[in-house]
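# predicted model follows, preceded by the sequence.
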Amino acid sequence: MLAGLLAVSSPAGPPIAFAQDETASFLAAIEEVPLMAGLTEEETPALDFDKPDGRLVETYAYGEVGAQEATDFYRAVMPEFGWQNIDGLVFTREGEMLRIELIPEEHALVVRFVLSPKSLQ
């Protein structure tokens, strides 16, 4: 099987690479969303609810990565997985909306992922 590779330029260093194969990391709570290298997902999602209108999921990841680096990564990589960027770090796919929020903390970046049915927006 061929592995696709996407390189994202980072002004602070070498390109960020994300392989689209079985070695790639994805969020456990939202399996269609890649997990950027350097981030660790919280073990238990803050919210995980499946309802007739669609899924409601809120989960967090954290790590020592820069906010701009995370922004560049997700804006470049998400379309490779069928997510359409509609504004900033807001994406849609198959009737769902994903919001990614970056929260700088003193020693780490916290990344909040919120998935909801697009119909609720």
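Yes, it's here.
# per-residue pLDDT of residue 53, please?
Among the per-residue scores, residue 53 holds a pLDDT of 84.
# residues touching the closest residue to it other than its chain neighbours, list them.
In this structure, residue 53 finds its nearest non-sequential neighbour in residue 117, 4.6 Å apart by CB to CB, 6 or more residues apart in numbering. C-beta coordinates here come from the backbone N, C-alpha and C atoms, glycine included. When contacts are counted by CB atoms under 8 Å, 6 or more residues apart in numbering, residue 117 is found next to 53-56, 95-97.
# who does residue 117 bridge with?
Going by DSSP bridges, residue 117 is paired in beta bridges with residue 96.
# which of the contacts of residue 117 count as buried?
54, 56, 96-97 (16 or more other CB atoms under 10 Å).
# just give me the least confident of the residues you listed.
Comparing pLDDT over these, the lowest score belongs to residue 54 (87).
# so it is in contact with residue 97, correct?
No. Residue 54 lies out of contact with residue 97 (CB atoms under 8 Å); the separation is 9.3 Å.
# what touches both of these two?
The contact lists of residue 54 and residue 97 share 116-118, 120, where a contact means CB under 8 Å, 6+ apart.
# between the residues you listed, which has the most around it?
With neighbours defined as other CB atoms under 10 Å, the most crowded of the shared contacts of residue 54 and residue 97 is residue 116; it has 19 neighbours.
# give me the pLDDT value at that residue.
What the model reports for residue 116 is a pLDDT of 96.
# quick one: contacts for it?
54-57, 96-97, 99.
# likewise for residue 118?
Per CB under 8 Å, 6+ apart, neighbours of residue 118: 54, 92, 95-97.
# what's the answer for residue 39, then?
Contacts of residue 39 (CB under 8 Å, 6+ apart): 61-63, 65, 70, 109, 111.
# just residue 46 next, same as before
58-60.
# which stretches in the chain count as helices?
67-77 (DSSP state H).
# just the strands in it please.
4-10, 13-20, 40-41, 47-51, 54-63, 84-87, 90-93, 96-104, 109-117 (DSSP state E).
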